[in-house]
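# Provided below are the primary sequence and the corresponding predicted coordinates.
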Amino acid sequence: MVLFGGRSAEHDISCVTARHVINAVDRSRYALTLLGIDREGVWHQADPEATELSASGPVIGASEALTSRVGSDVVVLPLLHGPLGEDGTIQGLLEVVDLPYVGSGVLGSALAMDKAMAKIVVGAAGIAQALHLVVTERDLERGPSGEDELISRVGTDLGFPCFVKPANMGSSVGVNRVDDSTGLIPAVRFALTYDRVIVIEEAISGRELEVAVLGDADPIVSVPGEIIPGDRFYSYADKYLDGRSRTLVPAELDPAVANEIRDLALRAYRALRCEGLARCDFFLAEDGRGLLLNEVNTMPGFTPISMFPQMMEASGVPYPEIIERLITLAFERHATRRRRVDH
């Protein structure tokens, strides 16, 4: 059972991911049920044979769609990006109705999705990160005095340029680079249209590196890959519209750095209670600070040219095998949880 679409700003990306995943599923072993969630949150029975996959078709109730399959040999692939999909909400629903599903559980999904909370957890685990501030709507409620105070804090603690991001959003949605103090408040207010908590980070000058992790107790950690942005930063347009960014898999790194980034990715994966899969993003800073964790994505882009499949392919795990491993892990994890609940 494939869930895709969703109410978040990453709706279209989810549809693209789902199309590629269902094309890779072994139809001789699995029957497919597709449930598309439209932008208003309405669930639809979708056609797995449609050339252009969209979250449309006959309306079906969410409880009807899920509970009718409880007890059968079904696994759910929640290919939903962003809020109301990747943040523990769908995972909680699937736990309640007792269906096995691919990917991290409620806690791991929620922690990794919320950049502000994730920074607290990985910081406690001793993993280096960029300097950052967490800002909420309340910080601006005092009007000009609150805005002036925030500008002063950012100038003192982080400096310019900096990046402003919604805490709970992916694919660079709502993210802006701010070059000087005049652009800070507009960028903050824009980010607050996506989330009531935002993160402001220092701009890191350096290389953008990524590592894929696949598994639970003893996961596979891929070779590192590198993103070479075509924009001033790896923006939404750069990722999905312009096609100007380039990727290098594997990244050209000193062996010691390659080993270190793989170790850090595994530590972050475990610290955030990730399961199944994740893509861990890093900066290799030019100022001598070395590797800095940017974020961990528990449902990364999954087209064949996305970084997660590319890095796994370079590590000996081809695209169809990734899907197969994730399904197997989902069944195993569900069986373990059932034993504990029944006990």
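Received it, and whenever you're ready, just let me know what you need.
# how about low-confidence regions in the stretch 101-250 of the chain?
Residues of the stretch 101-250 of the chain that meet the criterion pLDDT under 70 lie in 170-171, 230-244.
# which element is the residue of the chain most remote from its centre on?
In the chain, counting by Cα atoms, centre = their mean, S145 sits farthest out from the average C-alpha position, at 35.1 Å. Assigned by DSSP states H and E, S145 belongs to helix 144-157.
# Just list what whichever strand or helix holds L277 packs against, helices and strands only.
Taking DSSP H and E as the definition, L277 sits inside strand 276-285. Under the contact definition 3 or more Cβ pairs under 8 Å, 6 or more residues apart in numbering; DSSP states H and E, strand 276-285 sits against strand 206-215, helix 255-271, strand 290-297, helix 307-314, helix 319-342. Any C-beta I mention is one placed from the backbone N, CA and C, and that applies to glycine too.
# any idea of the mean pLDDT in the fourth one?
Read it as helix 307-314. What helix 307-314 shows for mean pLDDT is 96.
# Identify the residue spatially nearest to E252, adjacent ones excluded.
Excluding its sequence neighbours, the residue lying closest to E252 (Cβ to Cβ, 6 or more residues apart in numbering) is E226, at 7.5 Å.
# again with V42
Excluding the flanking residues, the one nearest V42 by Cβ to Cβ, 6+ apart is V59, at 6.0 Å.
# Tell me what the one you found is bridged to.
With DSSP bridges as the criterion, V59 is bridged to H44.
# Pull the contacting residues for it.
42-44 (Cβ atoms under 8 Å, 6 or more residues apart in numbering).
# same thing with A278?
Contacts of A278 (Cβ under 8 Å, 6+ apart): 104, 112, 212-213, 269, 272, 296-298, 300.
# Greatest separation within those: which pair is it?
Greatest spatial distance among those (Cβ to Cβ): A212 and L272, at 15.0 Å.
# With neighbour numbers in mind, choose between these two.
A212 (31 against 26; other Cβ atoms under 10 Å).
# mean confidence score for stretch 333-343?
Mean predicted confidence for stretch 333-343 is 79.
# partner residues bridging the most centrally placed residue in the chain?
For the chain, the residue nearest the mean C-alpha position is N297 (2.8 Å; Cα atoms, centre = their mean). Applying DSSP bridges to N297 gives these bridge partners: R279.
# do you know how far it is from I37?
Separation of N297 from I37 (Cβ to Cβ, to the nearest Å): 20 Å.
# go on, M307?
Here the criterion is Cβ to Cβ. By it, M307 lies 25 Å from I37.
# Give me the domain ranges for this structure.
Following automatic domain parsing, one finds the domains of the chain at 2-101, 112-128+205-325, 132-202.
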